[in-house]
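[1] fold the stuff below for me.
(one chain, ligands or ions: 1)
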Amino acid sequence: MYYRRVGDVPPKRHTQHRHSSGALHAEEVMGEEGFSSDSSILYHLAIPSAIVDATPWTPGDLTTTTNQPLLPRHLDLHGLFPGQEWKAADPVTSRRLVLGNADVRISYVVAGETSPLYRNAVGDECVYVESGQGVVETVFGTLPVTGGDYVLLPRATTHRWLPRGDEPLRCYVIEANSHIAPPARYLSRYGQFLETAPYCERDIQGPDGPLVADELHADVEVFVKHRDSRGGVTGTRYVVPTHPFDVVGWDGCLYPYTFAVADFEPITGRVHQPPPVHQVFEGAGFVICNFVPRKVDYHPLSVPVPYYHSNVDSDEVMFYCGGDYEARKGSGIGQGSVSLHPGGHSHGPQPGAVERSLGAESFDELAVMVDTFRPLDLGEGGVASDDGRYAWTWAGRGPAQ
Ligand SMILES: [Fe+2]
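    From the prediction side, this is the model:
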């Protein structure tokens, strides 16, 4: 991200910076890759290292099941939170794991409650807000969020989610074991977005001002998701003696931000454009793309829906979050569905979709896609939402009953 400066920051880094009371602020450098990548400097009113209690915390059911027999699958995520269940759910601890591997975990949550204070020390989080309203309060400041926003939360950013309004906040959560950033090919050698990129700095919304809690000196809980020694994910509940939201100012290139999918400018062509033109972010071992409403291919003999394709090196996870998805008509897929097309299985339009698409001028579809380079296992939410029928929709019949 580009350089940003918020609140009260001294003119020179690593020099004395005092509160009006005369007390020194606690300077914290938060940086990636061992002081060799992006960082920010935060000025705290209290010591950010202080803790008064620590106990184990289990961050949800993270068990996984191998996708065997190897099948394309349709997962109906809306069914995971039936009725009014969302009113007691929060956007962090109520997540249900849908798919995961050693690089990335994809969860879904429908929430109406404020989350506890939380940070993910395993990797960055990219939360796509399917619908609803809210704010995310962070040590860097507050981010308003609404349907269609990606919320990027750098690893170890202490924050909490506050859903607002009468509607639930629906979140599709992509948790990396690494950092998540715009693709390197969108950036100049010095980090500016290129003219050829589908979005740029003006589309990135960071915190505008610092956030300091009203009541600073009180014990508060902070839930930390972190790695265990076997490469798994576990958690710890800390109690800290001062509220983590005590930062009076910060500057740097590492901070949480939002990006509205409506600000993604689609790249189109005379014939079908491959998925990389739809890429929005990347992490280690996966990419994130989005398919947004757009004019479609304009060669006189173009075929607007995709050709059949075999992702020999990746599993493809599509989350259908708006409009009509032409290529999947007749498959049962709708708003809130996920399709998993695993590596080793060729996939493409359902029968009749190619013919129906001929002559189309535009597609009103919205989908977020995660392509992983290692196979994905099904989480408990993935198993619970599997419709069990999708694999047979191209043939029109499955195994004899
Ligand atoms: Fe595909």
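
[2] residue 294: how many residues sit nearby?
    16 (other C-beta atoms under 10 Å). All C-beta spots, glycine's among them, are computed from the backbone N, C-alpha and C.

[3] not counting sequence-adjacent ones, nearest residue to it?
    Nearest non-adjacent residue to residue 294, counting by C-beta to C-beta, 6 or more residues apart in numbering: residue 266, 3.9 Å away.

[4] distance check, the one you found against residue 291.
    8 Å (C-beta to C-beta, to the nearest Å).

[5] next: residue 315.
    17 Å.

[6] equivalent analysis for residue 156, please.
    Distance from residue 156 to residue 291, by C-beta to C-beta: 31 Å.

[7] just residue 15 next, same as before
    49 Å.

[8] which one of those two has more residues nearby?
    Comparing residue 15 with residue 291 by other C-beta under 10 Å, the one with more neighbours is residue 291, at 24 against 8.

[9] what bridges to the more buried one?
    residue 367 (DSSP bridges).

[10] repeat for residue 282
    residue 181, residue 287.

[11] for it, what are its contacts?
    180-184, 288 (C-beta atoms under 8 Å, 6 or more residues apart in numbering).

[12] quick one: which of these has the most company?
    residue 180 (25 neighbours).

[13] tell me the confidence at that residue?
    Listed pLDDT for residue 180 reads 98.

[14] could you verify my assumption that it touches residue 281?
    Yes - counting by C-beta atoms under 8 Å, residue 281 is a contact partner of residue 180 at 5.2 Å.

[15] spit out the residues that contact the two alike.
    The contact lists of residue 180 and residue 281 share 126, 152, 288, where a contact means C-beta under 8 Å, 6+ apart.

[16] need the residues you listed in JSON lines with distance to residue 399, can you?
    What follows is the shared contacts of residue 180 and residue 281, written out as JSON lines (distance: C-beta to C-beta, whole Å):
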{"residue": "126", "distance to residue 399": "37"}
{"residue": "152", "distance to residue 399": "43"}
{"residue": "288", "distance to residue 399": "34"}
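
[17] can I get the residues you listed in CSV with distance to residue 379 and pLDDT?
    Shown next, in CSV, are the shared contacts of residue 180 and residue 281 (distance: C-beta to C-beta, whole Å; pLDDT from 0 to 100):
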residue, distance to residue 379, pLDDT
126, 17, 98
152, 22, 98
288, 18, 98
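
[18] what's the closest of those to residue 306?
    Nearest to residue 306 out of the shared contacts of residue 180 and residue 281 is residue 288 (C-beta to C-beta; 17.9 Å).

[19] these two touch, right, the closest one and residue 125?
    No - with contact defined as C-beta under 8 Å, residue 288 does not reach residue 125; the gap is 12.0 Å.

[20] give me the common contacts of those two.
    Common neighbours of residue 288 and residue 125 (C-beta under 8 Å, 6+ apart) are 174, 180.

[21] ranges for the strands of the stretch 251-400 of the chain?
    257-260, 279-283, 286-291, 294-295, 315-323, 337-341, 362-363, 365-372, 377-379 (DSSP state E, counting those that start in this stretch).

[22] now distance to residue 64 too, for these, in TSV please.
    Shown next, in TSV, are the strands of the stretch 251-400 of the chain (distance: least, C-beta to C-beta, whole Å):
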stretch	distance to residue 64
strand 257-260	29
strand 279-283	18
strand 286-291	16
strand 294-295	35
strand 315-323	13
strand 337-341	13
strand 362-363	33
strand 365-372	13
strand 377-379	4
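
[23] can you tell me which residues contact the residue nearest to residue 294?
    Applying C-beta under 8 Å, 6+ apart, the residues contacting residue 266 are 198, 277-278, 292-294.

[24] now with 7 Å, please.
    Each residue near residue 266 by C-beta atoms under 7 Å, 6 or more residues apart in numbering is listed here: 198, 292, 294.

[25] please apply the same query to residue 260.
    148-149.

[26] tell me what it is bridged to.
    residue 149.

[27] so it versus residue 285, what's the distance?
    26 Å.

[28] what's the spacing between the nearest residue to residue 350 once chain neighbours are set aside and residue 351?
    Closest residue to residue 350 apart from its sequence neighbours, by C-beta to C-beta, 6+ apart: residue 330 at 4.4 Å. Residue 330 sits 7 Å away from residue 351, going by C-beta to C-beta.

[29] repeat for residue 6
    54 Å.

[30] more neighbours: those two, which one.
    Remark: of residue 6 and residue 351, residue 6 carries more neighbours, 22 against 13, as counted by other C-beta under 10 Å.

[31] now name the helix or strand holding the more buried one.
    strand 4-7 (DSSP states H and E).

[32] contacts for that strand, please.
    By C-beta under 7 Å, 6+ apart, strand 4-7 touches 141, 206-210, 248-251, 255.

[33] what of stretch 92-100?
    60-62, 64, 75, 77, 80, 105-109, 111, 115-116, 118, 161, 173, 317, 338, 340, 376-382.

[34] swap in stretch 379-393?
    Contacts of stretch 379-393 (C-beta under 7 Å, 6+ apart): 61, 63-65, 71-77, 79-80, 96-100, 107-108, 330-332, 339, 350, 398.

[35] any idea of the mean pLDDT in it?
    pLDDT averaged over stretch 379-393 gives 96.

[36] could I get the buried residue list for it?
    Using 16 or more other C-beta atoms under 10 Å as the test for burial, stretch 379-393 gives 379-383, 385-387, 390-391, 393.

[37] sorry, back to before: show me which of the contacts of residue 282 is closest to residue 309.
    residue 288 (18.1 Å).

[38] mind listing what that closest one touches?
    126, 174, 280-282, 368, 370.

[39] and for residue 109?
    Counting by C-beta under 7 Å, 6+ apart, residue 109 has contacts 89, 91, 94-96, 171, 173.
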